[in-house]
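[1] Provided below for reference: sequence and predicted model.
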Amino acid sequence: MKKYLLMAALVAATSHSVAARDDIGKYSIADLLATTKAKDALLDVPLYFADQPHSAAKETFGEVMTNKKTNAFNKSDKEACEWVMLSALKALQERAQREGMNAVVGIESYYKKREFKSSEQFECGAGFLMAGVALKGTLVKL
C-alpha cells in the first residue's frame, strides 16, 4: 500500500511540473501566412501587423481582442502555436465581417496582457497540454 501511495505522490508531483510549463515563443508571421494551412483557413479580410502600411481607413470600428487556446499534446510548440495563431487571426477576420469592416490593422500579440508589436513575429505561450495566442487589432473599412 505504501508503495502505491509513494508512486501516486511521485506521479502527481511530476505531472504538475510538466503541465505547468508555459514557454513564450516567437514565430514568423510571413512563414505562417505562406502555408497552405493559412490559405485554407483564413478569410479574404486583409491583416496588417503592428505598423505595416495600409491605405487610409474610411471608417473605424475600434480595437478588439481575441484569446484562443488549442490542444498542444503530442505536437511541437511551433505546430501548436501556428494552428492557434490561425484560429486567432480568423476570429479577428470574422469579427471584422460581422461589424461591417473589411480589414484588421495594427495587430499585435497580447499574450497574458503583455503587448508585443511586430510586423514579423507573433508570440505564443506553449505548455505540455495547451498553446495559446492572444491578439488585439483595430477593425477598419479601407
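    Here it is on my side, so go on.
[2] please tell me how far E99 sits from K58.
    14 Å (C-beta to C-beta, to the nearest Å). Placement of C-beta: from N, CA and C, glycine included.
[3] helices and strands of this protein: which one bottoms out on pLDDT?
    helix 2-19 (a mean of 47; mean pLDDT, DSSP states H and E).
[4] ok, E99 and K58, which is more surrounded?
    E99 (15 against 10; other C-beta atoms under 10 Å).
[5] helix or strand right after the longest helix that the chain contains?
    For the chain, the helix with the greatest residue count under DSSP state H is helix 77-98. Downstream of helix 77-98, the next assigned helix or strand under DSSP states H and E is strand 103-109.
[6] could you give the mean pLDDT of the helix or strand just after that next one?
    Remark: after strand 103-109, the chain's next helix or strand is strand 121-126, criterion DSSP H and E. Mean per-residue pLDDT for strand 121-126: 96.
[7] so what does strand 121-126 touch, helix or strand wise?
    strand 23-28, helix 29-33, helix 77-98, strand 103-109, strand 130-141 (3 or more C-beta pairs under 8 Å, 6 or more residues apart in numbering; DSSP states H and E).
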